[in-house]
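Engineer: Dropping a prediction and its sequence here:
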Amino acid sequence: MDIILWGIQIILATKMLSVAYSHGLRQDQAKMQAGIRRMGGAARPVLYAVAAGSVAIGLGLTIPAAVKVAVWVVPLSAGILAAGMALSILLHRACRENPNIIPSLVLFGMAAFVVYGRLILVPFEGGRNERLPTAVRGRGGGGRGNEGPRRSIGKPPGRP
């Protein structure tokens with residue numbers, strides 16, 4: 001499962017870097033120009049913000065885990081990406097004649113799976129959920145789900 005999650009993280013990171021390039025540096029494309037005219041003066045600052053955020057998310061999906069520093073950034077980046085994909089559906093519907101929301105839905109699903117996978121299924125070793133901020137980690141402390149049932153203190157093992 002770890003390899004599958006890494007593959008999805010790399011795919012999402014690559015996509016986010018290509019989004020940063022297209023939304024930040026290639027705004028002169030005919031397809032983009034029509035959307036910019038339709039959205040008005042706020043379009044260019046929004047595109048630059050999307051480009052900057054996409055770079056941060058793309059790097060946040062892979063770099064912290066690769067160097068094993070602040071690995072909690074990976075599920076956080078994936079969660080922000082999932083929220084961004086939901087927002088992108090609304091933005092693309094507003095600025096395109098024929099919005100294609102399927103890619104945004106697929107990216108949303110992939111990002112949500114990375115969040116679930118990195119928080120619940122296969123947390124990173126060495127940085128696991130102990131390094132997550134409390135707001136992200138929650139009260140349960142995370143884990144892989146294979147610790148078995150919780151026992152209260154004072155009951156001998158083997159008795160329910």
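Structural biologist: Everything's here; your move.
Engineer: check contacts around residue 80.
Structural biologist: Shown in contact with residue 80 (CB atoms under 8 Å, 6 or more residues apart in numbering): 53, 57. The way it works is simple: take the backbone N, C-alpha and C, and place the C-beta from them, glycine included.
Engineer: Quick check: the gap between it and residue 44.
Structural biologist: 22 Å (CB to CB, to the nearest Å).
Engineer: now swap in residue 16 and tell me
Structural biologist: Residue 16 is 20 Å from residue 44, by CB to CB.
Engineer: all helices for the protein, in order.
Structural biologist: If DSSP state H is used as the criterion, the helices of the chain fall at 2-25, 30-39, 43-60, 63-67, 73-95, 102-116, 134-137.
Engineer: Now do the contacts for the closest residue to residue 4 other than its chain neighbours.
Structural biologist: In space, and not counting its chain neighbours, residue 4 is closest to residue 117: 7.9 Å by CB to CB, 6 or more residues apart in numbering. Residues counted as contacts of residue 117 (CB under 8 Å, 6+ apart) are 1, 4, 5, 8.
Engineer: ChimeraX command for the buried members of the residues you listed?
Structural biologist: This is how ChimeraX selects the buried members of those, with burial counted by 16 or more other CB atoms under 10 Å:
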select :5,8
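Engineer: Looking at the helices of the chain, spot the one closest to residue 122.
Structural biologist: helix 2-25 (4.9 Å; CB to CB).
Engineer: Please name every helix or strand in contact with that closest one.
Structural biologist: Counting contacts by 3 or more CB pairs under 8 Å, 6 or more residues apart in numbering; DSSP states H and E, helix 2-25 packs against helix 43-60, helix 73-95, helix 102-116.
Engineer: quick revisit: show me the least confident stretch of the helices of the chain, going by mean pLDDT.
Structural biologist: Lowest mean pLDDT within the helices of the chain: helix 134-137, a mean of 53.
Engineer: returning to that earlier point: packed most tightly, which of the helices and strands packed on helix 2-25 would that be?
Structural biologist: helix 73-95 (a mean of 19; mean count of other CB atoms under 10 Å).
Engineer: Taking helix 2-25 as reference, get the angle to that helix.
Structural biologist: If you take axes from the mean of the first three to the mean of the last three CA atoms, to 10 degrees, helix 73-95 sits at 40 degrees to helix 2-25.
Engineer: Quick one: work out the angle between helix 73-95 and helix 43-60.
Structural biologist: Interaxial angle, helix 73-95 versus helix 43-60 (the same axes, to 10 degrees): 150 degrees.
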